[in-house]
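Participant: Need the 3D shape of this:
(one chain, ligands or ions: 2)
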Amino acid sequence: MVSTPGELLSVAVRVARDAAATARRMRDEAIGDVETKSTDTDVVTAADKAVERQVTGVLLAERPDDGVLGEEYGDAVTVRPGAVRWILDPIDGTVNYLYGLPQYAVSLAAERDGEVVAGVVVNAATGDEWTATRGGGAWRAGRRLSGSVRTTLDQALIGTGFGYDARRRAHQGAVMAQLITRVRDIRRFGAAALDLCLAAEGSLDAYFEKGLNLWDHAAGGLIAAEAGLVVSGLAGAPAGREMLVAAPPALFPALHDALVELDAAGGP
Ligand code: IPD
Ligand code: CA
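Facilitator: Ligands and ions are numbered 1, 2, ... in the order given. This is a model prediction of the structure:
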């Protein structure tokens with residue numbers, strides 16, 4: 001099935017909005033159970049799985065030649081050349097979801113031949129929505145996004161995140177202890193997909209994180225790139241598990257060099 005990036009985005013937006021509604025509804029319904037019979041993890045896992053099943057079911061029913069990569073499906077999903085692989089984070093910001101902090105999202109991207117061509121991130125708590133198509137710009141509520149105009153690191157508000165593994169966190173914390181003295185301030189909101197959208201619209205000057213999975217950054221990474229940000233790893237590497245940095249071109253070199261100096265991509 002041949003579809004333009006714009007057509008893929010229309011599908012993604014419709015499916016992601018419905019998925020966000022399911023996530024929100026499940027939280028409203030389940031939250032009484034958290035204090036009684038369910039464990040914290042049950043609530044999140046049940047919602048994660050239900051949202052992923054819903055999205056996968058709709059996409060594969062409508063587009064049987066496509067593939068879906070989501071947290072439940074693991075990394076190994078391949079599709080035939082030219083076909084679309086959807087990349088889904090059913091609920092990004094699961095800890096916020098658990099606590100009812102309004103910073104959790106459905107992230108859905110369409111990738112073709114290894115390149116993300118369309119993406120949407122929907123904040124499921126607020127309904128805020130960010131979209132992009134490759135070459136078509138990044139948008140929020142009809143406004144085209146162009147990132148921050150900040151040019152110096154010491155004036156920059158930097159978003160980041162921490163992995164779940166304690167040893168990785170120890171390294172990330174050590175990096176942070178140094179970096180925080182060189183920037184305006186640090187923010188850790190808890191949903192990588194939304195952090196990338198905030199950087200795309202300039203609500204954060206830049207964002208970086210080590211250890212992200214593809215579903216964390218596929219949609220948000222395109223949105224940031226289409227807003228004009230440089231989205232990459234360190235020393236010319238592509239953005240990936242080692243490191244993802246998203247910063248406007250004027251800010252990127254200073255942040256990049258600081259992260260290299262502090263060995264932000266190192267550690268476990
Ligand atoms: C996590 C969030 C968090 C980031 C972690 C991710 P999850 O995703 O995006 O902000 O720091 O690296 O794993 O577990 O909430 O889907
Ligand atoms: Ca995630």
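Participant: how deep is the residue in the stretch 1-150 of the chain that ligand 2 sits nearest to tucked in, by neighbour count?
Facilitator: Residue nearest to ligand 2 within the stretch 1-150 of the chain (CB to the ion): residue 92, separated by 3.8 Å. C-beta here means a position set from N, CA and C on the backbone, and glycine is covered the same way. Residue 92 sits with 30 neighbouring residues when counted by other CB atoms under 10 Å.
Participant: Please apply the same query to the one 4 residues further on.
Facilitator: Using other CB under 10 Å as the criterion, residue 96 is surrounded by 19 other residues.
Participant: That one against residue 193, yeah?
Facilitator: No: the pair residue 96 and residue 193 fails to qualify as a contact (CB atoms under 8 Å) at a distance of 11.7 Å.
Participant: Kindly state the pLDDT recorded for the closest residue to ligand 2 within the stretch 101-250 of the chain?
Facilitator: Residue nearest to ligand 2 within the stretch 101-250 of the chain (CB to the ion): residue 216, separated by 4.3 Å. Here the pLDDT value assigned to residue 216 is 97.
Participant: quick one: buried residues of stretch 164-177?
Facilitator: Neighbour-count burial for stretch 164-177 flags 169, 171-172, 175-176 (criterion: 16 or more other CB atoms under 10 Å).
Participant: ok, of the residues you listed, which one's closest to ligand 1?
Facilitator: Proximity of those to ligand 1 (CB to the nearest ligand atom) peaks at residue 172, which lies at 9.2 Å.
Participant: Quick check: phi and psi at that closest one.
Facilitator: phi -60, psi -40 (degrees, to the nearest 10).
Participant: mind listing what it touches?
Facilitator: Neighbour list for residue 172: 160, 162-163, 210, 264, 267 [criterion: CB atoms under 8 Å, 6 or more residues apart in numbering].
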